[in-house]
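**Student:** Predicted model, plus sequence, below.
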Amino acid sequence: MKSIRLFTILFCSLLLLVACSKEEPSNVIKVAVSPSIPPMLFEKDGKYTGVDLEIFEGYCKSRNCKFKMTAYDWLGMLGAVASGQADVAFSGISITDKRKEVMDFSNPYFVSTWQLISLNKRNIKITDLSQLKKYTIAYPTGTVFDDYVKNVLQPQGYYSVDQVKLYPSPAEALIALQNGNVDLVFVDNVMLVNYQKSLNLPVSSSYQVIGFDKLGFAFKKGSKLRDDFNQYLNELGPEKLKAIIDHWTQ
């Protein structure tokens, strides 16, 4: 009788393990995204697409692995990978020292130029940073633009973080610009090109910031996946990587 009971317990335990393995396959990578950052990651025709997704799909194809994406707002995406709820996050994420404290980054795959954009009809042109005091600047909460204001503009007396209007997403900041609630919005250059060409929005650059921002894929701390992904970027090489980026930005 004891043998039967022991066999039953072992059999049920085995079934439980099998069930768990079906629910959470070991080769399924949990991905956190914020699908409102064109052309890096955005939604089109009900599907996610963009530069980052094409790169990661290529990685998974080369490694014969699968991944499952979960959409968050910007801060939620970063929180998911920092807390280990997600294995990796991508949506045009800037590499910063502060973020490195709670997550690991891949090698940079893109150097972004930033633009302060305004409506064409306003024709705002910033030739001296002291002019910024006259305008209201906006950008999404938790983005790297905050570091630029804190570390560059604020110490020199050009602009303070208290003056900035924060929005949950780039789309909402853009709506505020179109409605006249703000004068200028920080975006990166590829987003500006997308707004002008794909969305045909009447916006243009008022000021440009060069060389401050490098983008990378964010991984949970101590992830071996990060090292293998860096290996894939090396295998891909700069020419193929540039071809992917050019496909979405030109």
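**Tutor:** Now that the structure is in, tell me what you want to look at.
**Student:** ranges for the strands of this structure?
**Tutor:** Under the criterion DSSP state E, the chain contains strands at 28-33, 36-37, 41-44, 47-49, 66-71, 88-89, 103-105, 110-119, 137-140, 165-167, 184-188, 203-215, 218-220.
**Student:** deepest of the ones you listed, which one?
**Tutor:** Neighbour counts (mean count of other C-beta atoms under 10 Å) averaged over each of those peak at strand 88-89, with a mean of 27. C-beta here means a position set from N, CA and C on the backbone, and glycine is covered the same way.
**Student:** what packs against that one?
**Tutor:** Contacts defined by 3 or more C-beta pairs under 8 Å, 6 or more residues apart in numbering; DSSP states H and E place strand 88-89 against strand 28-33, helix 74-82, strand 218-220, helix 224-249.
**Student:** which residues touch it?
**Tutor:** By C-beta atoms under 8 Å, 6 or more residues apart in numbering, the residues outside strand 88-89 that reach it are 29-33, 56, 77-78, 80-81, 103, 217-220, 223, 225-226, 229.
**Student:** Sheet partners, orientation included, of that strand?
**Tutor:** strand 28-33 (parallel), strand 218-220 (antiparallel) (DSSP bridges).
**Student:** List just the one of these that sits closest to residue 91.
**Tutor:** strand 28-33 (5.0 Å; C-beta to C-beta).
**Student:** relative to helix 224-249, how tilted is the closest one?
**Tutor:** 50 degrees (axes from the mean of the first three to the mean of the last three C-alpha atoms, to 10 degrees).
**Student:** so what's the residue nearest the centre of the chain up against?
**Tutor:** Nearest residue to the geometric centre of the chain (C-alpha atoms, centre = their mean): residue 91, 2.5 Å. For residue 91, the contacting residues are 33, 34, 35, 36, 37, 40, 41, 52, 74, 77, by C-beta under 8 Å, 6+ apart.
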